[in-house]
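In: Predicted coordinates and the sequence they were generated for:
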Amino acid sequence: QVQLVESGGGLVQAGGSLRLSCAFSGGTFMGYAMGWFRQAPGKEREFVGAINWSGNRQYYGDSVKGRFTISRDNAKNTVYLQMNSLKPEDTAVYYCAADWTNGAGTQEEYEYDYWGQGTQVTVSS
């Protein structure tokens, strides 16, 4: 059974940076595209970005484009989300997800097969 465990969340001031990690276990990591989503209180879950199975293609939601970067280390079975120039509106629980079907990655939640438990990111003004 695939398991995803996020880490690296916390409290940061506006303008600061955080790097989230998502450790993958229980399957063949390179077989999955990986995505990051977030959910703020009272809001629907939002697509942050995705990376294809090989790591050479990424794409992002409009609200984070140019500030966030997704990468993956297939040797370590880990995907990362580097978040720079953080804003208070980035405050949310951040989730990583694994998608077996779409090797290129997708922004559609329903395409993802496995989800982590989430990690809280709070950006203070």
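Out: Done, it's in. Numbers count the residues shown, from 1 in each chain.
In: Would you check how far apart the residue nearest the centre of the chain and S125 are?
Out: The residue lying closest to the centre of the chain (Cα atoms, centre = their mean) is W36, at 2.4 Å. According to Cβ to Cβ, to the nearest Å, W36 and S125 sit 23 Å apart. (Each C-beta comes from the backbone N, C-alpha and C, glycine too.)
In: can you check T106 too?
Out: 33 Å.
In: who's more crowded, the two?
Out: Neighbours were counted for T106 and for S125 using other Cβ atoms under 10 Å; T106 has more, 18 against 9.
In: can you pull the contacts of the more buried one?
Out: If you count contacts by Cβ atoms under 8 Å, 6 or more residues apart in numbering, T106 has them with A33, G35, A50, D99, Y112.
In: try it again with 7 Å
Out: By Cβ atoms under 7 Å, 6 or more residues apart in numbering, the contact set of T106 is A50, D99.
In: again, but for S25
Out: S25 neighbours (Cβ under 7 Å, 6+ apart): Q3, N77.
In: Next one: it relative to G118, how far apart?
Out: To G118, S25 is 17 Å away according to Cβ to Cβ.
In: Need phi/psi at G8.
Out: phi 100, psi 0 (degrees, to the nearest 10).
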